[in-house]
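[1] the following block contains a protein sequence and its predicted model.
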Amino acid sequence: MSNSAMSRVNLYDTRADHASVAAETPLAYSLQRSGAPAPSAASRVVLREQAFLGHLILRGGAIVLDEALREVLDIGLPGRPNTLSWDASGERSIQWLSPDEWLLIVPGGEAFAVERQLRERLGDASFAIVDVSGGQTLLTLEGDAVPELLMKSVVYDVDPSHFAVGKGVTTVFAKATVIVRRSGESRWELVVRRSFADYCYRWLLDAGEEYAIGVER
Amino acid sequence: MNQQVQRLAQGGRIDRSRPLSFTFNGQTYQGYHGDTLASALIANGVDIVNRSFKYSRPRGIVAAGAEEPNAVVQLGASEAAQVPNVRATQQALYDGLVARSTNGWPSVQKDLMGLVGKVGGHFMPPGFYYKTFMAPASMWMTYEKYIRKSAGLGRSPAEADPDIYDHFNRHCEVLVIGAGPAGLAAALAAARSGLRVILADEQEEMGGSLLDSHEILDGQPADQWVAGVLEELGGMANVTLLPRTTANGYHDHHFVTLHERRTEHLADCAPASAEGARQSRARLHRVRAGQVILATGAHERPLVYAGNDVPGNLLAGAVSTYIRRYGVVPGKRLVLSTSNDHAYRAALDWHAAGHEVVAIVDAREAPDGNLVDAARQRGIRVITSSAVIEAKGANRVSAARVAKIDIDGFRVAGPVETLACDCVASSGGYSPVIHLASHTGARPTWNDALLGFVPTLVDGVHAAGGAQGIYSLGEVLADGAAVGARVASVLGGSAEPLTLPACEAISESPACALFQIPHEKPTLRAPKQFVDLQNDVTAAAIELATREGFESIEHVKRYTAMGFGTDQGKLGNINGMAIAARCLKRTIPEVGTTVFRPNYTPVTFGAIVGRHCGELFDPERYTALHQWHVENGAEFEDVGQWKRPWYYPRTLSGKPESMHEAVARECRAVREGVGILDASTLGKIDIQGPDAREFLARIYTNKWAKLAVGKCRYGLMCKDDGMVTDDGVTSCLADNHFVMTTTTGGAAAILEWLELWHQTEWPELDVTFTSVTDHWATMTITGPKSRQLLAELTDIDLDRDSFKFMDWREGTVAGVPARVFRISFTGELTFEINVQAHYAMHVWKALFVHGEKYQLTPYGTETMHVLRAEKGFIIVGQDTDGSVTPEDLGMQWCVGYDKPFSWIGKRALTRSDTARRDRKQLVGLKPKDPKVVLEEGAQIVFDPNHAIPMPMVGHVTSSYYSPTLESGFALAVVKGGHDRMGESVYLPMVDGSVHEAEITSPIFIDPKGERQHV
């Protein structure tokens, strides 16, 4: 029986660490089938997948989660809905998703340790942590035409004057749903579900053609 | 071969150094850059551009903008590039443009329907088609084909569209529609306050009426002011200018659809961009605006007089526009018939172009404004208290019959004078363009002083300038600036008031109310007086409609077709209402107006579809193993948006297996060896919290209190009506931690269902739900040899006594951390291996490496269906349809009647209806003839000899051929079926044959379930 049979939740590291085990990102098939146009000087949008990051969904009360996060990762929960915050390194982010739901993204390989530390710190508090690392991926979009590309894709108002750096929303993307975040002046991020990743990737290549979209690999 | 006989040597906003060649109805002509197709046709002296819809009369160009009813053409040089219903007045000319008349099969000059029009004219009253072609009803389709063909409503291309179209979602504080003087002033006033402003205008150039205006702004031609304003707006980061963009629909909450024609002024098909990328031909902007300013201007109303449809009858304003903007004069000798001063510009422009103005015929007794004076000063004859009562001519106006008229008495009041001319321009005043305001559902109100409907505006919508009946330029500019500033201040913006350009005031004497001109003969016997040129509705038709009892204007509209179709009553509606009012002896406001609907002008389907077509039509959801399925020749089935392998046909001695053969092979592999299924699409919901168990007990019909850690249980979910809505296995991962599986299609809806009940009914329960569908990939290995296979790859103890059926264990499979569940949807020994999706391909391939010696066989959904049906396992949504209870399914074993807390559906199951003995119940059916595979959906009867209609007692829900049973078999719902085991039922088929089948248990194989326990 599992090592956590005695605890009240099942904490399980689903990551395979052996070099012999090949991991595939959600875009593995898409890159092969649809290709990846190389970025050029003309590219007004450059797409890059930040593959194999740790994605954790946190549920619970804001105050206890905030305290635990500060202690474990030195980042606080974002103070307002539809925003996110980063740690000092910029490698870890925590995003508001709904009144009791946040998305924590950490470097690949950290998710299990972070989850265990948070669980230890949170103890008997009312909360939940769910590892969804295998189920989604993060795409970054960089370039001056990203807002236009997004206007072709999402119904949310992504005008840079109304979508400040540090904002993040869950919204309709073509006929799928994605999380859109702005992480810099001309840098945006999409969190895409694995099963929709191919559709989103093909949509982005298509919509990005007029901006000479390039894919960094 | 420049034959531009009606082109002036100079003037207009055209570039005479850039000649363009185009083809209309097979003949080649020349025009200039800056022309519309309409202005180029006029320049070339083309009088007849179409045949009319119903009477097939020759028709010419009437207007210069969106309101054009006649010059509706079919565009496109190639079959694939065909675009129907293009208004020649809105189509910019480009080199190589090819256009044809929309109407008038086989040709506009000479056509078959012309005969009907001429001979049958008097016999084609309103409702003609309804009346004539009513019987026999079966023939209507035949009649319609020819009527449509001869009427000609344009045609769609028969080949795939080579162009792409796209959508843009835009948001702004202020959307200004129309870039004439009011719109420009409003946009500038709003933009200077820093608000996000979108300015959209449907024409080739922004500027609206100022592009063909004589008026001087700040001592300069008006177009200089336009250029200055556009330059300022264009330099502001908060402003988006959208030329060639029509606001076609005003939807709820200030959601406005703008249709931008991006390349239609350049070529048939969109050329590549300078960078070589594809460009979309048209773009639909989906604008969500804070406030909207309608600066849509006004349409001139033509007068309704006999013969007013003969080519050469134009709107007065259009005459001015053609002369001033395009440098073409649509004739040699003009008679102008007017009710107002403004229209005098047409005669003055005509005169200035050096052509003869035969007379201005003014319905008023003593017109005396500045423009009237100017006309008199130029020696133009002004005939007062009179109107053109009839235009003569067949293919072109040859004369105007002019007489004194008594407007109030609706009669001709003096002798008729016939004036030779080739052009009759008319103006009955101006109608604010209120279409978009009407789209919001607000009925416009009649304004007696303006002689027009003005828009009623819902909150957040504003009108400026001509759109609300303000016509003199100075007032229009001031109104636009004021509205723009007001909207800005409502939204919290502020700026210095706009300094308006100085502009000379022109005094105009009051217009008179004039719509239909009386003729010597009564309306019903006079030559045709057209109200709606596009739909061929005459004044007589409206009068007849009112006589036949159609009193509501909505009924008159539908009976006569006035304002139908792509025209949407732009020119005719108000004249039609005025005529109906006269006939009904009511006022125009008493008669009321009809509703204008989106779209304002036709929108190509491509723009509506955008990029949601072809491979991007709908998301295709892939599992982590999709590539393997593709590479191994799977045929796919759509399950929701997922692409699931359906079956894997093999090629045996050069011949691909049929689906039947492949499925039979896959079934045998599972029953005799080992098969593997990609089950990743099943919904998976992670449930955590101290109250997780209690929540499950309330949401499922069965019990969860005693499910131990390490165990799995099948659960059935009902809606509150007691009907089965989903099922699946939920496993206890830890005391406060479960993972629920749902059907593939139900995943999202079930997550919402759980949240709904948690958030609204039981918020006190400490539990959370998170979708992990995409995180885990699920590989099901099933069959007697599945244990042997898995044992080669895992560190989990697979002993049948320590890892029992309905247990789950953690361990590694092929070196990857996995949760393995011993649950079975095939009835065989089964292990469902779940790993993080990133590693799915690695594990799957490892299974095949080790599985080769067991002939590990991939199987798809079809085989899965057969195998589960053999076991009587239901598929929610196939064997149930929202009217089936757990008891109907014979699944009382899965209902916890005595659970301490109620559960969803419990009360509904105690209703007398759900307790009936004769409800349709799930049973098995075994056809008497084992070769027969019953049709899914086939109706079941007890007595095949019963007189028709036979009482239908159920239907087949699932039906397959079973290679194991060597027979067809089915699941079905039959009334009182549970008490009819062994009885025969009958299935009458459409071809007259009747199948007989025996009611059996729905479990066909291994009724004791021993095979899955091994």
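    Received the coordinates, thanks. Fair warning: this is a prediction, and the values are worked out from it, not measured in the lab.
[2] grab the most central residue of chain B for me.
    The structure's chain B has its C-alpha centroid closest to B:I608; by CA atoms, centre = their mean the separation is 5.9 Å.
[3] ok, for that one, nearest residue in space, not its chain neighbours?
    In space, and not counting its chain neighbours, B:I608 is closest to B:L284: 6.5 Å by CB to CB, 6 or more residues apart in numbering or on different chains. (Glycine included, C-beta is placed from N, CA and C.)
[4] next helix or strand past the one helix or strand the residue nearest to the centre of chain B maps to?
    In this structure, B:I608 sits in helix B:605-609 according to DSSP states H and E. Per DSSP H and E, helix B:605-609 leads on to helix B:626-631 as the next helix or strand towards the C-terminus.
[5] buried ones in the helix or strand following that next one?
    Following helix B:626-631 in sequence order, the next helix or strand is strand B:635-639 (DSSP H and E). The neighbour-count check on strand B:635-639 (16 or more other CB atoms under 10 Å in any protein chain shown) flags B:F636 as buried.
[6] touching chain A at all, strand B:635-639?
    No: among the residues of strand B:635-639, none lie within reach of chain A under CB under 8 Å from any CB of the partner chain; the closest is 11.9 Å away.
[7] list the strands paired with that strand, with their directions.
    strand B:642-647 (antiparallel) (DSSP bridges).
[8] next one: phi and psi at the residue in the stretch 151-300 of chain B positioned nearest to chain A?
    Nearest to chain A in the stretch 151-300 of chain B, going by CB to the nearest CB, is B:H171, at a distance of 3.9 Å. Main-chain torsions, B:H171, degrees, to the nearest 10: phi -130, psi 140.
[9] the one helix or strand B:V739 maps to near chain A at all?
    Counting by DSSP H and E, the element that carries B:V739 is strand B:737-742. Yes: Strand B:737-742 lies within reach of chain A by CB under 8 Å from any CB, at B:H737.
[10] now the following helix or strand past that strand, how far from the chain's geometric center?
    Downstream of strand B:737-742, the first helix or strand assigned by DSSP H and E is helix B:747-760. Mean C-alpha position of helix B:747-760 versus that of the full chain (CA atoms, centre = their mean, to the nearest Å) differs by 31 Å.
[11] tell me which residues of helix B:747-760 come out buried.
    B:747, B:750-751, B:753-754, B:757-758.
[12] for chain A, which residue gets nearest to chain B?
    For chain A, CB to the nearest CB, closest residue to chain B: A:G135, 3.2 Å.
[13] okay, the angle between the strand holding B:V739 and helix B:747-760?
    Per axes from the mean of the first three to the mean of the last three CA atoms, to 10 degrees, the angle that strand B:737-742 makes with helix B:747-760 is 130 degrees.
[14] secondary structure element for the closest residue in space to B:L533 that isn't next to it in sequence?
    Distances taken as CB to CB, 6+ apart put B:P69 closest to B:L533, at 4.0 Å, once the chain neighbours are dropped. Counting by DSSP H and E, no helix or strand carries B:P69.
[15] B:L707 versus whichever residue of the stretch 851-1000 of chain B sits closest to chain A, what's the distance?
    Nearest to chain A, among the residues of the stretch 851-1000 of chain B, is B:T861, at 16.3 Å (CB to the nearest CB). As judged by CB to CB, to the nearest Å, B:T861 and B:L707 stand 29 Å apart.
[16] list the buried residues in stretch B:795-803.
    B:796, B:798, B:803.
[17] the second one contacts B:S786, correct?
    No: proximity of B:L798 to B:S786 does not meet the contact threshold set by CB atoms under 8 Å, at 9.4 Å.
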